[in-house]
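Undergrad: Just the structure for this:
(chains A and B)
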2 protein chains.
Amino acid sequence: MTAKIARFLEEVRPVTPCVVVDLDVVRDNYQGLRRWLPLAEVYYAVKANPAPEIVRMLVGEGSRFDVASRGEIDLCLSNGAPAERISFGNTIKKQSDIAYAYAKGVRLYAFDSEAELEKLAEAAPGSRVFCRILMTCDGAEWPLSRKFGCEIDMAKDLLVKARDLGLDPYGVSFHVGSQQTDLKQWDIAVGKAAMLFSALDAAGIDLRMVNLGGGFPARYRKEVDGIERYAEAVMDAMTKHFGNNIPAMIIEPGRSLVGDAGILETEVVLISRKGYDDDVRWVYLDVGKFGGLAETMDEAIKYRIVTTRDGDDTAPVVLAGPTCDSADILYEKAGYEMPVSLKVGDKVRILSTGAYTTSYSAVNFNGFEPLKAYFI
Amino acid sequence: MTAKIARFLEEVRPVTPCVVVDLDVVRDNYQGLRRWLPLAEVYYAVKANPAPEIVRMLVGEGSRFDVASRGEIDLCLSNGAPAERISFGNTIKKQSDIAYAYAKGVRLYAFDSEAELEKLAEAAPGSRVFCRILMTCDGAEWPLSRKFGCEIDMAKDLLVKARDLGLDPYGVSFHVGSQQTDLKQWDIAVGKAAMLFSALDAAGIDLRMVNLGGGFPARYRKEVDGIERYAEAVMDAMTKHFGNNIPAMIIEPGRSLVGDAGILETEVVLISRKGYDDDVRWVYLDVGKFGGLAETMDEAIKYRIVTTRDGDDTAPVVLAGPTCDSADILYEKAGYEMPVSLKVGDKVRILSTGAYTTSYSAVNFNGFEPLKAYFI
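TA: As a prediction, the model looks like this:
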């Protein structure tokens, strides 16, 4: 909670629910990453928070951009990002969208399958491509499925095929899992990448880049290491596996740049019990799972929550959203407590909500407006 | 799949993904419910699909409307629904929204807690109120939590309190769970309601209404009984528990009116395997969990899926959406198969997607537009 956000909430008293993002915190986080990982090019994962205000500020800082769709390409271009600073990082692209990106000047693309490579060869000839490899990723708080990446032996064949199709086999990417708190995972991942470099070298292909993805954390309920510990883990792994022949490095931070920069201001709509024997209060907020807090799915991301009555005695609560959907419950098992003195109408602040909130918000579910956001 | 939708898709060839809803099917479903449950007043659960086209058509049919928010009240009023045909069915309401509804003429409200009753007494004096009771609800496909309703002894006290606060204790409501396929649940629920009628009669309060909620199904992968079987189960339960002194009945169908009326047209973006030993193909569509298919959460709702190559040999698939979110997987465990001959670019149709799709769609996640819809 920055002084700037506190002042904004105090003076403007915006209608709730809303997210307020402090752009200075985003800038500080960006500069911190540059300082701690000077060898890495930073591609902001636009999907974390696709606000034009954030993109414009990061363009000014010299950032690059990792985009997931044609819509995000347009967003970056129209806010001043040159096409050569954009990476089309989604491994699932329509060929028409690849052609669109190529026509706009984008020359860096992710893939993890033969079919995608064929689309790229046709619609983005000669472009730099990198292959995403599968990771198992213990320790990540937001679950990483097998959705992205392929096995390493397949990656090798695909990178050879990329060359044969006239593309530039530029490197390899992986993702250790969003909100990854087990630093050993970097060593495992970079080790796999280095193996691939050797295997392709033997096939006459000179990979030049490792894309380390995202995974740097924001600060939710659990304490996390500072960014410098992550940077150290990454550089230790790179040095260990690549010696003094370190390739170009790309990182794609999203959550770690914008997560902690945002506060969600919400209001208590109702406090109730379900029966006389119930020892748990239900606290209903004016924001829920379909209004921006999608990452509470399966109670995965556990936000820190602040009330105006902190310090008073607390008791267990179930936290839920305002919609008529019975699945719109934020926390039932995670053991949240709130002050016994909490009242209907109280303001409640959900911390570190700058990432993966506004853009997840449903367009009009139950007739509620999408989550409003302010960038200050 | 109606002939009208088939013709529309053939002639217009809309950009995918999109939902096409046949309003004639909605009308037929509405009329079917009226025919099979002539004693019940139908309040369309607007949240299932808040399209103005649907609201306007149902206004013409004489339907009433169950709304969840101020936004849905405005939607109904601006499309011709008189305020006296609106029920504010959400048990979680801001007092300012209750006052808004009251000012617009809404006089029927749900509640399930003391705090809500106090808001209603203040902001909607004299209104009819009904208390929602908790159900356990085995057999529902879309999970029903304890989020709504209270225990029956608390409900009794609250209805007495409603009278004492100057409200009109009108009746009781319950919900057996969306997509409820166990018809016995109606008997259990109506039995509870009848108990409450007796208990309140002894306290000098004459309840006059049972709100049976929704729960009538749409047709997903599993066969379901026709609406007439549901109507029979409901009327059997009412007659068994209320004899020939049947109170006013309200039903709040959403899914059963609009679910089967919609088809989601989507396109295969990518087909791949993760490794050479993988016997499962990953099929990525241009729509996913954050683009309108939120009800695939935990693989709860299992849609029927049609391809242009049905009849060819099939093999297991994982079905996933197009975003960079690793949780954006539709079906991994539900045992879906698709034709081996399926190709990138093929159109795929997801059936019974008229309910809980468009309005769940994320506002701009990963830069993808919200799900487009056509009403024909």
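
Undergrad: How about the residues of the stretch 101-250 of chain A by chain B?
TA: The interface of the stretch 101-250 of chain A toward chain B, taken as Cβ under 8 Å from any Cβ of the partner chain, is made up of A:112-116, A:119, A:134, A:142-151, A:153-154, A:178. For every residue, glycine as well, the C-beta is placed using N, CA and C.

Undergrad: Can I get the buried ones among the residues you listed as something I can paste into PyMOL?
TA: Listed next is the PyMOL selection for buried residues among those, using 16 or more other Cβ atoms under 10 Å in any protein chain shown:
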select buried, chain A and resi 112+113+114+115+116+119+134+142+144+146+147+148+149+150+151+154+178
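
Undergrad: Just the residues of the stretch 101-250 of chain A next to chain B: which are in helices?
TA: Taking DSSP state H as the definition of helices, those contribute A:114-116, A:119, A:153-154.

Undergrad: Domain-wise, how is chain A divided?
TA: Under the assignment automatic domain parsing, the domains of chain A span A:23-258, A:260-375.

Undergrad: Mean pLDDT and distance to residue B:333 added to the ones you listed, as a markdown table?
TA: What follows is the domains of chain A, written out as a markdown table (pLDDT from 0 to 100; distance: least, Cβ to Cβ, whole Å):
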| stretch | mean pLDDT | distance to residue B:333 |
| --- | --- | --- |
| domain A:23-258 | 94 | 12 |
| domain A:260-375 | 96 | 14 |
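
Undergrad: re earlier: ok, which pair from the ones in helices among the residues of the stretch 101-250 of chain A next to chain B is furthest apart?
TA: When these are compared pair by pair using Cβ to Cβ, the farthest-apart members prove to be A:119 and A:153, with a separation of 22.1 Å.

Undergrad: tell me the strands in the stretch 201-350 of chain A, going along the chain?
TA: Taking DSSP state E, counting those that start in this stretch as the criterion, the stretch 201-350 of chain A contains strands spanning A:209-211, A:248-251, A:262-272, A:281-285, A:305-307, A:314-320, A:329-331, A:337-339, A:347-351.

Undergrad: ok, and for the last one, which residues are buried?
TA: Yep, that's strand A:347-351 we're talking about. Buried residues in strand A:347-351, counting neighbours by 16+ other Cβ under 10 Å, are found at A:348-351.

Undergrad: Not counting sequence-adjacent ones, nearest residue to the residue of chain A positioned farthest from its centre?
TA: Within chain A, the residue lying farthest from the chain centre (Cα atoms, centre = their mean) is residue A:276, at 42.4 Å. The shortest distance from residue A:276 to any non-neighbouring residue, by Cβ to Cβ, 6 or more residues apart in numbering or on different chains, is to residue B:154 (6.1 Å).

Undergrad: What residues does the one you found make contact with?
TA: Listed by Cβ atoms under 8 Å, 6 or more residues apart in numbering or on different chains, the contact partners of residue B:154 are A:273-276.

Undergrad: how near is residue A:285 to chain B?
TA: In this structure, residue A:285 lies at 9 Å from chain B, with Cβ to the nearest Cβ, to the nearest Å as the measure.

Undergrad: does residue A:34 sit in a helix, a strand or a coil?
TA: Classification of residue A:34 using DSSP: H, G, I helix; E, B strand; the rest coil returns helix.

Undergrad: show me what contacts residue A:291?
TA: For residue A:291, the contacting residues are A:17, A:321-323, A:361-362, A:365, A:368, A:370-371, taking Cβ under 8 Å, 6+ apart as the criterion.

Undergrad: 6 Å instead?
TA: A:361, A:368, A:371 (Cβ atoms under 6 Å, 6 or more residues apart in numbering or on different chains).

Undergrad: what does residue A:301 give?
TA: When the contact criterion is Cβ under 6 Å, 6+ apart, the partners of residue A:301 are A:220, A:295.

Undergrad: What are the phi and psi values at it?
TA: Summarising the backbone geometry of residue A:301 under the convention degrees, to the nearest 10, its torsions are phi -90, psi 120.

Undergrad: What distance do you get for residue A:217 to chain B?
TA: As for residue A:217, its distance to chain B is 16 Å (criterion: Cβ to the nearest Cβ).

Undergrad: Just give me the neighbour total for that residue.
TA: Residue A:217 has 25 neighbouring residues, counting by other Cβ atoms under 10 Å in any protein chain shown.

Undergrad: Nearest spatial neighbour of it, chain-adjacent residues omitted?
TA: Taking Cβ to Cβ, 6+ apart, and ignoring the residues beside it in sequence, residue A:217 has residue A:224 as its nearest neighbour in space, at 4.5 Å.

Undergrad: looking at it, the one you found is touching residue A:215, isn't it?
TA: No - taking contacts as Cβ atoms under 6 Å, residue A:224 lies outside contact range of residue A:215: 11.4 Å.
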